[in-house]
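heads up, no residue letters with this:
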């Protein structure tokens with residue numbers, strides 16, 4: 001063979017090897033995503049051991065500029081992350097990449113995913129609603145009906161939470177019709193399961209809307225459909241648990257207490273296993289109510305206190321939670337336990353404060369950004385047909401000016417009231433009349449009547465002064481037995497001295513110490529003015545921002561956010 005032909009043959013072989021190698025690389029790249037997925041698919045939800053492999057998946061997608069795989073990777077990271085803030089960070093990353101990808105469906109889905117985290121994991125309904133509305137906006141022109149109906153379903157959840165049951169029912173009816181039609185024979189098992197889940201969740205939520213509107217026949221009909229079609233189904237255990245709960249509530253309403261408890265107990269088992277603590281909290285309430293009606297008080301209180309425990313731990317706020325505290329307060333009154341009555345009353349006030357602050361804010365946001373959007377479409381169509389847009393515009397402007405005037409007047413009145421209150425507090429703390437913050441008094445006859453010597457009272461008072469001086473009141477979860485042990489006395493002596501000598505309950509005593517401590521800090525050191533409300537609450541031993549805000553308002557007569565704002569304004573004015 002000539003030298004020329006040998007060279008041509010070598011070039012041909014090299015090209016052939018290169019093409020084969022390229023095909024192998026492409027195949028390996030495709031397979032490697034599958035292989036990496038196989039490494040984390042077996043892990044359960046919230047198991048962070050899977051994140052090592054998920055990050056490998058994301059890193060590979062980043063190197064290859066594969067936006068679709070990056071989004072998939074971030075969705076997997078959300079699923080396996082246990083920390084809620086990390087879930088939100090991954091959700092933000094998915095949104096960023098979806099926008100780079102410039103795919104409206106992916107953007108809509110990413111916003112929906114973030115909203116779901118806020119709704120189910122953080123229970124921040126305002127934030128969840130904002131994300132759902134963004135998802136709805138980006139899905140308007142989408143051809144993906146599954147995605148659109150999933151968003152409609154989640155908007156229904158928020159409306160139902162707000163108490164707009166008729167409007168929420170319309171959402172659930174729409175999503176239920178779509179998902180039911182989409183359950184077709186021959187469909188891929190995963191797609192069929194998704195549609196079945198969407199259908200059963202929609203009719204269950206619809207049944208709760210009917211229940212709250214007292215349309216009990218419609219509610220009972222949907223519960224029966226759910227139980228009949230989910231009978232012996234292991235693929236959708238959570239949905240099956242919901243319908244067991246619904247059936248239990250139905251029977252409870254009919255005063256069939258024994259049967260109701262069977263369904264509620266089964267629902268409890270399923271929801272506990274699936275860690276759906278929000279629904280589980282409601283189930284504990286209804287079990288507690290059933291035992292209450294059966295006059296089995298100890299069993300009832302056991303379950304009602306589980307409601308309090310889960311509500312305090314996860315900050316779930318639902319109508320059932322409020323009713324649970326009414327039962328607990330009633331029991332404390334009947335048993336004459338003033339400490340429990342005070343505790344449950346404070347818990348109920350906390351629940352009411354959250355509901356009163358959340359509902360107006362959320363309902364305003366909902367009507368402003370969702371319903372108004374739909375109404376504007378109808379208005380524009382009406383204007384084009386009848387040419388009366390100018391009249392509508394003028395009416396809107398006039399109404400807007402009236403509303404603005406009212407809001408300004410209301411704002412000024414409130415600001416004047418806050419200025420007076422802040423001035424009073426500032427003078428009170430800068431010019432104390434007495435180093436003793438408590439108005440203590442106890443006559444000799446009263447101490448003798450109660451069987452306490454003045455020496456014992458003075459001893460406990462001295463110990464309390466050391467307790468206050470060493471700022472031990474800043475510790476969390478303090479109770480009267482704990483403090484009594486800390487200062488070397490018993491709860492009876494301590495309670496008596498606080499009630500008769502300090503004229504305070506133990507709870508009020510702690511509130512006074514903690515709020516005075518934090519108020520002094522805010523007045524004396526400007527750095528604390530930049531702390532979050534959560535941070536300030538934790539500094540003085542309080543459970544959360546809601547409790548801290550409520551106690552600050554009770555003691556000082558104004559909210560901490562207003563006090564901080566007024567203090568900053570005062571410091572700024574002093575500079576000038």
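Happy to help now that I have it. The structure displayed is predicted, hence computed values, not measured ones. Residues are numbered from 1 along each chain as shown.

Can you list the buried residues in stretch 158-172?
Using 16 or more other CB atoms under 10 Å as the test for burial, stretch 158-172 gives 158-162, 164-165, 167-172. For glycine as for every other residue, the C-beta is placed from the backbone atoms N, C-alpha and C.

and if you look at stretch 265-274?
266, 267, 268, 270, 271.

just the residues you listed now: which is nearest residue 498?
residue 268 (40.2 Å; CB to CB).

Now for the closest one, which secondary structure element holds it?
Assigned by DSSP states H and E, residue 268 belongs to helix 257-273.

what's the average pLDDT for that helix?
Per-residue pLDDT values across helix 257-273 average out to 92.

I'd like to know which elements that helix is packed against.
Contact partners of helix 257-273 among helices and strands, from 3 or more CB pairs under 8 Å, 6 or more residues apart in numbering; DSSP states H and E: helix 237-253, helix 277-293.

Mean neighbour count and mean pLDDT for those - can I get that in JSON lines?
Conversion of the helices and strands packed on helix 257-273 to JSON lines gives the following (neighbours: other CB atoms under 10 Å; pLDDT from 0 to 100):
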{"stretch": "helix 237-253", "mean neighbour count": "22", "mean pLDDT": "91"}
{"stretch": "helix 277-293", "mean neighbour count": "23", "mean pLDDT": "91"}
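
what about those, which gets the closest to residue 551?
helix 277-293 (24.3 Å).

Show me what counts as buried in the following helix or strand past the closest one.
Moving toward the C-terminus from helix 277-293, the next helix or strand (DSSP H and E) is helix 297-314. Neighbour-count burial for helix 297-314, counted by 16+ other CB under 10 Å, picks out 300, 301, 303, 304, 306, 307, 308, 310, 311.

want to try TSV for these, with distance to residue 553 as columns?
Formatted as TSV, the buried residues of helix 297-314 follow (distance: CB to CB, whole Å):
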residue	distance to residue 553
300	33
301	30
303	32
304	27
306	29
307	25
308	22
310	26
311	21
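
Rebuild those residues as TSV, extending it with pLDDT and distance to residue 551.
Below are the buried residues of helix 297-314 laid out as TSV (pLDDT from 0 to 100; distance: CB to CB, whole Å):
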residue	pLDDT	distance to residue 551
300	93	30
301	93	26
303	94	29
304	91	24
306	92	25
307	89	23
308	89	18
310	87	23
311	83	18
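
tell me which of those is nearest to residue 497?
Closest to residue 497, out of all of the buried residues of helix 297-314 and judged by CB to CB, is residue 308, at 29.1 Å.

helices or strands up against whichever strand or helix holds residue 521?
Element membership for residue 521, per DSSP H and E: helix 506-524. Packing partners of helix 506-524 (3+ CB pairs under 8 Å, 6+ apart): helix 338-366, helix 389-430, helix 533-539, helix 545-556, helix 560-575.

Contact partners for residue 282?
By CB atoms under 8 Å, 6 or more residues apart in numbering, residue 282 lies in contact with 245, 318, 320.

correct me, but the second one touches residue 281?
Read it as residue 318. Yes - between residue 318 and residue 281 there is a contact at 7.1 Å, judged by CB atoms under 8 Å.

what do those two both touch?
Joint contacts of residue 318 and residue 281 (CB under 8 Å, 6+ apart) do not exist.

quick one: low-confidence parts of the stretch 101-250 of the chain?
Along the stretch 101-250 of the chain, the model assigns pLDDT under 70 to residues 185, 232-233.

all helices for it, in order.
Ranges of helices in the stretch 101-250 of the chain, per DSSP state H, counting those that start in this stretch, are 104-116, 125-138, 145-162, 165-181, 189-212, 216-229, 237-253.

Could you point out which of these sits nearest residue 571?
helix 125-138 (30.7 Å).

how about that closest one: buried residues?
125, 127-138.

if I pick the residue sitting nearest the centre point of the chain, what's in contact with it?
For the chain, residue 123 is the residue whose C-alpha lies nearest the centre (CA atoms, centre = their mean; 1.4 Å). Contact analysis of residue 123 by CB under 8 Å, 6+ apart lists 278, 314, 315, 316, 317.

how about 7 Å then?
Contacts for residue 123 (CB atoms under 7 Å, 6 or more residues apart in numbering) come out as 315, 316.

distance of it from residue 538?
Applying CB to CB, to the nearest Å, the value for residue 123 to residue 538 is 19 Å.

picking up where we left off before, from the buried residues of stretch 158-172, which single one is nearest residue 506?
Distance ranking of the buried residues of stretch 158-172 against residue 506, using CB to CB, places residue 161 first at 35.6 Å.

about what we covered before: got TSV for the buried residues of stretch 158-172, with distance to residue 208 too?
Compiled in TSV, the buried residues of stretch 158-172 are given as follows (distance: CB to CB, whole Å):
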residue	distance to residue 208
158	14
159	12
160	7
161	11
162	13
164	13
165	8
167	14
168	9
169	9
170	14
171	13
172	9
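
what's the farthest-apart pair in the residues you listed?
161 and 170 (15.4 Å).

Count the residues that sit near residue 42.
8 (other CB atoms under 10 Å).

How about residue 538?
For residue 538, using other CB under 10 Å, the count is 17.

what do you get for residue 563?
Residue 563 - counted by other CB under 10 Å - has 24 other residues nearby.

try residue 199
Residue 199 has 24 nearby residues by other CB under 10 Å.

cool, residue 462 as well?
Residue 462 has 11 nearby residues by other CB under 10 Å.

so how far is residue 483 from it?
According to CB to CB, residue 462 stands 15 Å off from residue 483.

what's the answer for residue 417, then?
Separation of residue 417 from residue 483 (CB to CB): 36 Å.

who has more neighbours, those two?
residue 483 (22 against 13).

The host helix or strand of the more buried one to helix 506-524, inter-axis angle?
For residue 483, the element it lies in under DSSP H and E is helix 480-487. Helix 480-487 runs at 70 degrees relative to helix 506-524, counting by axes from the mean of the first three to the mean of the last three CA atoms, to 10 degrees.
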